[in-house]
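K.L.:
any chance you can model this:
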Amino acid sequence: MVDVGEKPETSRRATATGRIVMRPETLAQIAAGSAAKGDVLGVARIAAIQAAKRTADLIPLCHPLALTRVAVDFVIDRQADAVECTSSAECSGRTGVEMEALCATSVGLLTIYDMCKAMDRGMRIEGIRLLEKSGGKSGHWTAT
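P.N.:
Numbering: from 1, shown residues only. Next comes the predicted model:
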């Protein structure tokens, strides 16, 4: 684990995104809230938030952080037959929250897959990536 003890605490923020592509029928059930397992996006939001909070338990050598905010948003893209997940994490600390945002997005999308796999095993998770990070010595970074 990297020693961050001498680094100053700064406000940290990171945003990550990704999406899951599926059959139109599957997307319609998610949008209507009629999937057999219930409110897919509601459960996926809670799972994503929990994942952000537990990132240090999942990723070896990742520092545990006292998160001050986690936000998870889902957008239904009917043209692409996809659900996009965007997660943001914030804290005041000595190391960044990129892994927390990425973990939240990943688990949110995995939860959608789990809740809908009985009707669509061909769903595809893609494009998980960091969009933006700020804070710390490296300052502000935005994906191009």
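
K.L.:
what comes up buried for the longest helix anywhere in the chain?
P.N.:
Secondary structure of the chain read by DSSP state H shows that its longest helix is helix 98-116. By 16 or more other C-beta atoms under 10 Å, the buried positions in helix 98-116 come out as 98-113, 115-116. All C-beta spots, glycine's among them, are computed from the backbone N, C-alpha and C.

K.L.:
try stretch 3-23
P.N.:
Buried residues in stretch 3-23 (16+ other C-beta under 10 Å): 10, 12-22.

K.L.:
same question for stretch 115-135.
P.N.:
Going by neighbour count (16+ other C-beta under 10 Å), the buried part of stretch 115-135 is 115-116, 119-120, 123, 125, 130-135.

K.L.:
give the rounded mean pLDDT of it.
P.N.:
For stretch 115-135, the mean per-residue pLDDT is 97.

K.L.:
repeat for stretch 64-82
P.N.:
97.

K.L.:
one step back: sort out for me which of the buried residues of stretch 115-135 are in helices.
P.N.:
Mapping the buried residues of stretch 115-135 onto helices (DSSP H) picks out 115-116.

K.L.:
can you list the buried residues of stretch 115-135 in CSV and add distance to residue 93?
P.N.:
Formatted as CSV, the buried residues of stretch 115-135 follow (distance: C-beta to C-beta, whole Å):
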residue, distance to residue 93
115, 33
116, 35
119, 41
120, 39
123, 35
125, 29
130, 17
131, 20
132, 17
133, 13
134, 13
135, 8
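
K.L.:
farthest-separated two in the buried residues of stretch 115-135?
P.N.:
Largest separation among the buried residues of stretch 115-135 by C-beta to C-beta: 119 and 135, giving 41.2 Å.

K.L.:
which ones are touching the residue minimising distance to the centre of the chain?
P.N.:
Geometric centre of the chain, nearest residue: residue 105, 1.6 Å, by C-alpha atoms, centre = their mean. Shown in contact with residue 105 (C-beta atoms under 8 Å, 6 or more residues apart in numbering): 16-18, 48, 72, 85-87, 128.

K.L.:
from these, which ones fall inside strands?
P.N.:
Per DSSP state E, strands hold the following members of these: 16-18, 72, 85-87, 128.
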